[in-house]
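Participant: Okay, structure incoming, though there's no sequence with it:
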């Protein structure tokens, strides 16, 4: 794999590994936005928005798609659409984004009880995990019957095995349950596994397909499903304030990468993560999960590493990190990878002499080492390298 060449002014993300959402629009995307349609998307009259929705829906073998401003919105309205008459519950992985990082949306928007499950294999839920936590609709008035299974692909960078998804789907059909996929990084899963989006679409009743994570678009997700489902989801999108007007500019920018060689871009980012994972294993630095795709999760608790020390070590080498989750994307350079290795190695060595008490919650999405400086609209980095 080779790096993807971009003019220097657009490579603000080359040293940013906080998330694969930190990619910046390319010149081709910027030009595409200038040429986009400017119809009213709320009324379904914007050509480029409709083109994006139909393109992604066809790729996922679904009848229709709905452009949403974020994966959080598309996930939450998908779940709300699947659920009808309470009481009901949904079942998901205990680490699932819909459960842990969407601001209690399931409780507030769907009033659903959530059954978070810890995978018995440590990586992904199996059918046996689901069966052992399933709440049947058997007439017992004390329970909230399971109506929906929500899975994430990838989760912690792990590609969900296709054969397990097929088993779960068959069981859901037998028991009248809906199956939703948080496909925030389903492009990564498709690229790494060789399983096309169409095949995933045949398994799930709905998929939230992100356009910004790894794919490089500045904003948005497309929710796909059948026509009846998307029509109702459109209603909930409007209710939640997600109905936007001239979204053609954003849609056209997203189509740039979708219509280009996105697989090569993603596989390049995966190769960087694989190399970092091998480096950590060689150094004896424990990892939380297999690095199947573009993520490396350092087990900070097992390593007794202070996440803030790790962030500061990154800043020492002009690399932006955020806790133990190291996220690669196609605009990260190999030079940045080498700097990340140095930062992680030094933080690990520091932890050996100064073990960190990790009994509290592990910081992943924030750190004390960066804050916003409104003067100049920039990120001010606190460079106090006493470590």
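Facilitator: Great, that's in hand. Only a predicted model underlies this, so the values are computations on that prediction, with no experimental measurement involved.
Participant: now the helix or strand encompassing residue 179, how far from the centre of its chain.
Facilitator: Using DSSP states H and E, residue 179 sits within strand 178-183. Centroid separation for strand 178-183 versus its chain: 13 Å, with CA atoms, centre = their mean, to the nearest Å.
Participant: next one: stretch 312-330
Facilitator: Relative to the centre of its chain, stretch 312-330 is centred 18 Å away, using CA atoms, centre = their mean.
Participant: next one: stretch 188-197
Facilitator: Distance, centroid of stretch 188-197 to centroid of chain: 15 Å (CA atoms, centre = their mean).
Participant: And it, end to end?
Facilitator: 10 Å (CA to CA, to the nearest Å).
Participant: Rounded mean pLDDT for it, please.
Facilitator: Per-residue pLDDT over stretch 188-197 has a mean of 97.
Participant: So which bits of it are buried?
Facilitator: 188, 189, 190, 191, 192, 193, 195, 197 (16 or more other CB atoms under 10 Å). Where C-beta positions appear, they are placed from N, C-alpha and C, glycine not excepted.
Participant: quick one, what contacts the second one?
Facilitator: Okay, so that is residue 189. Contacts for residue 189 were tallied using CB atoms under 8 Å, 6 or more residues apart in numbering; they are 153, 154, 159, 160, 183, 195, 200, 293.
Participant: now the second one: how far from residue 124?
Facilitator: Read that as residue 154. Distance, residue 154 to residue 124, by CB to CB, to the nearest Å: 9 Å.
Participant: how many neighbours does residue 265 have?
Facilitator: 22 (other CB atoms under 10 Å).
Participant: Please identify the helix or strand for it.
Facilitator: helix 262-283.
Participant: Contacts for that helix, please.
Facilitator: Here helix 262-283 makes contact (CB under 8 Å, 6+ apart) with 1-4, 20, 157, 187-188, 190-192, 214-216, 257, 286-287, 290-296, 298, 326, 328-330, 332, 334, 337, 340-341, 344-345, 348.
Participant: are any of these buried, and which?
Facilitator: 3-4, 20, 157, 187-188, 190-192, 214-216, 257, 286-287, 290-296, 298, 326, 328-330, 332, 337, 340-341, 344, 348.
Participant: Just the contacts of helix 262-283: which are in helices?
Facilitator: Of the positions in the contacts of helix 262-283, 187-188, 190-192, 257, 334, 337, 340-341, 344-345, 348 sit in helices, assigned by DSSP state H.
Participant: Would you mind checking which of these is nearest to residue 35?
Facilitator: Nearest to residue 35 among the ones in helices among the contacts of helix 262-283 is residue 257, at 16.0 Å by CB to CB.
Participant: so who does the closest one touch?
Facilitator: Contacts for residue 257 (CB under 8 Å, 6+ apart) come out as 29, 215, 216, 217, 265.
Participant: The third one touches residue 330, doesn't it?
Facilitator: Same thing as residue 216. Yes: with contacts counted by CB atoms under 8 Å, residue 216 reaches residue 330, the gap being 6.9 Å.
Participant: got any residues that touch both of the two?
Facilitator: Contacts common to residue 216 and residue 330, judged by CB under 8 Å, 6+ apart, are 23, 265.
Participant: Tell me which of residue 154 and residue 124 has more neighbours.
Facilitator: The residue with more neighbours, out of residue 154 and residue 124, is residue 154; 25 against 22, by other CB under 10 Å.
Participant: Distance of that one relative to residue 334?
Facilitator: Using CB to CB, residue 154 is found at 23 Å from residue 334.
Participant: same deal with residue 212?
Facilitator: For residue 212, the distance to residue 334 (CB to CB) stands at 23 Å.
Participant: Need the pLDDT of the residue lying farthest from the centre of the chain.
Facilitator: Going by CA atoms, centre = their mean, the residue of the chain most distant from its centre is residue 139, 37.0 Å out. The score at residue 139 is 92. That number is its pLDDT.
Participant: all helices of the stretch 101-250 of the chain, in order?
Facilitator: With DSSP state H, counting those that start in this stretch as the criterion, the stretch 101-250 of the chain has helices at 105-109, 127-133, 162-174, 186-193, 197-203, 227-239, 248-258.
Participant: Tabulate these (CSV), appending distance to residue 42.
Facilitator: Output for the helices of the stretch 101-250 of the chain, formatted as CSV (distance: least, CB to CB, whole Å):
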stretch, distance to residue 42
helix 105-109, 20
helix 127-133, 38
helix 162-174, 33
helix 186-193, 27
helix 197-203, 26
helix 227-239, 7
helix 248-258, 12
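Participant: Ok, which of the ones you listed comes nearest residue 312?
Facilitator: From the helices of the stretch 101-250 of the chain, taking CB to CB, the stretch that ends up closest is helix 186-193, at 29.0 Å.
Participant: For the closest residue to residue 206 other than its chain neighbours, name its beta-bridge partners.
Facilitator: Among residues not flanking residue 206 along the chain, residue 225 sits closest, at 4.1 Å (CB to CB, 6 or more residues apart in numbering). Beta-bridge partners for residue 225, by DSSP bridges, are residue 64.
Participant: which residues touch residue 225?
Facilitator: Contacts of residue 225 by CB under 8 Å, 6+ apart are 62, 63, 64, 78, 81, 205, 206, 207, 233.
Participant: And residue 252, by the same measure?
Facilitator: Residue 252 makes contact with 32, 33, 35, 36, 37, 48, 52, according to CB under 8 Å, 6+ apart.
Participant: now stretch 38-56, how far from the centre of its chain.
Facilitator: How far stretch 38-56 lies from its chain's middle: 24 Å, per CA atoms, centre = their mean.
Participant: got the end-to-end distance for that stretch?
Facilitator: Termini of stretch 38-56 sit 20 Å apart (CA to CA).
Participant: quick one: buried residues of that stretch?
Facilitator: 39, 41, 42, 46, 48, 49, 50, 52, 53, 55, 56.
Participant: backbone phi and psi for the fourth one, please?
Facilitator: Translated: residue 46. Backbone torsions for residue 46, taken as degrees, to the nearest 10, come to phi -90, psi 120.
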